[in-house]
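> got a predicted model here, sequence first, then my questions.
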Amino acid sequence: MDMVNFDERQILANGEIIYRQRAEIEAIADSICDVGFDLLLFTSSGGSQAMLDPFAFYIRHASRLPVENILSAELLLGGCNRITNRTVAFLTSKSGDTAETLKAARWLKTQGVRLVSVVGQADSPLEKLSSDTVVYGSGRPQELVFYLLIGRILHRSGCFAEYPRFADELKNLAFALAQVRKQADAKCRQYALDYCREPYNIWIGSGDLWPTAYSYSMCVLEESQWIRTKSVSSPEFFHGTLELLEKDVCTTLLLTEGPTRALDERVREFAARHTQKLTCFDTRDYELPGISPEFRPWLSPVVMAAVLQRISKNLEQITGHSLDIRRYYRKESY
């Protein structure tokens, strides 16, 4: 069977939309470093925040640069006490009009914070508020903007010597992720067939893949497919959720190639003994043509996103439930 809703040429064209902006993105990073900063703040909403969170993780693990990541709605209620007029905030929104993100942007601007936004829509309200904006349009993955932006900041800060070669290789990222989708599709389709009607699901991940586990279970399985799902990080799994494992409990584990992999392997060993419905998606299983092995630990989120997209596309066809259907989100006030 042909892959459902897969257009490799379009994937490559989308990646080019972002990569051809490399010079402009790096110029923003250089300006941030030249001016100086006392905090790098990542703030947005929902799945957009989950896309940002791995970059705060990388900064913490690769450097001693000051960094915070917090949901915009919490930020507005005093969730960060480190903000000054030398703070740089990174925000992202596909639509550029997400309500909580816009409120946070307006408040941050009153504090003299430099706003760097990454949006899907040109001339959006978020762009109009921002000091610097990258518009990715139909480009995917949006993370590519941040690999260039944050990678350059780390490089300028003396924490990522190999960044220039990493950035050069990122021109191959869209092609590599298209191949990941091909490699993963058969397993993902079978997963969708086997588990699309499960009454309860547990999704687990750690480190740079915890935001992926969280956002996929929330934004796709719950929001887009109305499938009841619990997400939990690999370390926290052993402080409660493990008690729910039985032989027929559907459990899905995402394994990173980053520094927290041992936490995922611990879950795998335990879960394999207690449920017959354990599925592991491991970024190590997928080849990345054009990407050096030493850079793979930076790319687990985009590799896993490519894998999981194949579950989404197959689920949509199998269940007959469009990924675009919503009952409440942006349908009524709340």
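Nice, I can see it. Residues are numbered from 1 along each chain as shown.

> alpha carbons only for contacts and neighbour counts from here, please
Noted.

> contacts only, for residue 37.
Residues in contact with residue 37 (CA atoms under 8 Å, 6 or more residues apart in numbering) are 86-88.

> hmm, try it at 10 Å
For residue 37, the residues meeting the contact criterion (CA atoms under 10 Å, 6 or more residues apart in numbering) are 65-66, 84-88, 113-114.

> what residues sit buried inside stretch 20-32?
Under the neighbour-count criterion of 16 or more other CA atoms under 10 Å, stretch 20-32 has 21-22, 25-26, 28-30, 32 buried.

> need those residues in TSV with pLDDT, can you?
Conversion of those to TSV gives the following (pLDDT from 0 to 100):
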residue	pLDDT
21	97
22	98
25	98
26	98
28	98
29	98
30	98
32	98
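
> from those, which ones fall inside helices?
Assignment to helices by DSSP state H places the following of these there: 22, 25-26, 28-30, 32.

> contacting residues around residue 111?
Counting by CA under 10 Å, 6+ apart, residue 111 touches 83-87, 105.

> kindly recompute the last result at 8 Å.
For residue 111, the contacting residues are 83-85, taking CA under 8 Å, 6+ apart as the criterion.

> next, format the buried residues of stretch 20-32 as TSV and append distance to residue 122.
TSV is the format used below for these (distance: CA to CA, whole Å):
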residue	distance to residue 122
21	14
22	18
25	16
26	20
28	18
29	20
30	23
32	22
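
> for the contacts of residue 37, which one is nearest residue 53?
When the contacts of residue 37 are compared for distance to residue 53 (CA to CA), residue 66 wins out at 14.3 Å.

> residue 154 versus the closest one, what's the distance?
In this view, residue 66 and residue 154 are 12 Å apart by CA to CA, to the nearest Å.

> same deal with residue 30?
10 Å.

> check residue 183 too.
32 Å.

> repeat for residue 13
Counting by CA to CA, the gap from residue 13 to residue 154 is 28 Å.

> mind listing the helices for the stretch 151-300 of the chain?
Per DSSP state H, counting those that start in this stretch, the stretch 151-300 of the chain carries helices over the ranges 163-169, 173-195, 210-215, 234-237, 261-271, 300-319.

> quick one: low-confidence parts of the chain?
Applying pLDDT under 70 to the chain flags the ranges 1.

> got the domain ranges for it?
8-161, 171-319 (automatic domain parsing).

> any idea how far the shortest one is from the chain center?
Yep, that's domain 171-319 we're talking about. With CA atoms, centre = their mean, to the nearest Å as the basis, the distance from the averaged C-alpha position of domain 171-319 to the chain average is 13 Å.

> what about it, start to end distance?
36 Å.

> and the strands in the stretch 51-200 of the chain?
67-69, 87-93, 114-119, 132-135 (DSSP state E, counting those that start in this stretch).

> who wins for proximity to residue 61 among these?
Put simply, out of those the one that sits nearest residue 61 is strand 67-69, at 10.9 Å, with distance taken as CA to CA.

> on contacts alone, who are the packing partners of the closest one?
Using 3 or more CA pairs under 8 Å, 6 or more residues apart in numbering; DSSP states H and E as the contact criterion, the elements in contact with strand 67-69 are strand 39-42, helix 46-62.

> just the buried positions in the longest one, please.
Read that as helix 46-62. Taking 16+ other CA under 10 Å as the neighbour-count basis, helix 46-62 is seen to contain the buried residues 46-56, 58-59.

> what packs against it?
Helices and strands touching helix 46-62, by 3+ CA pairs under 8 Å, 6+ apart, are strand 39-42, strand 67-69, strand 87-93, helix 143-156, helix 210-215.

> that older thread, between residue 66 and residue 154, which one's more packed in?
Applying other CA atoms under 10 Å to residue 66 and residue 154 shows that residue 154 carries more neighbours, namely 22 against 15.

> contacting residues for that one?
Contact partners of residue 154, counting by CA under 8 Å, 6+ apart, are 59, 62-63, 160.

> and residue 266, how many neighbours?
The criterion is other CA under 10 Å. On that basis, residue 266 has 13 neighbouring residues.

> could you do residue 192 as well?
Neighbour tally, residue 192, other CA under 10 Å: 21.

> correct me, but it touches residue 311?
Yes. Distance between residue 192 and residue 311: 6.0 Å, which falls inside the contact criterion (CA atoms under 8 Å).

> neighbouring contacts of stretch 63-75?
38-46, 49, 53, 56, 59-60, 79-80, 100-101, 103-104, 154, 159.

> I'd say residue 321 and residue 226 touch.
No. The pair residue 321 and residue 226 fails to qualify as a contact (CA under 8 Å) at a distance of 9.1 Å.

> who's more crowded, these two?
Neighbours were tallied for residue 321 and for residue 226 using other CA under 10 Å; the higher tally belongs to residue 226 (16 against 13).

> quick check: that one vs residue 10, distance?
28 Å.

> cool, residue 303 as well?
Separation of residue 303 from residue 10 (CA to CA): 18 Å.

> residue contacts, residue 205?
Contact analysis of residue 205 by CA under 8 Å, 6+ apart lists 211-213, 232-234, 253-256, 264.

> make it 6 Å
213, 233-234, 254 (CA atoms under 6 Å, 6 or more residues apart in numbering).

> and residue 282, by the same measure?
Residue 282 makes contact with 254-255 under the criterion CA under 6 Å, 6+ apart.
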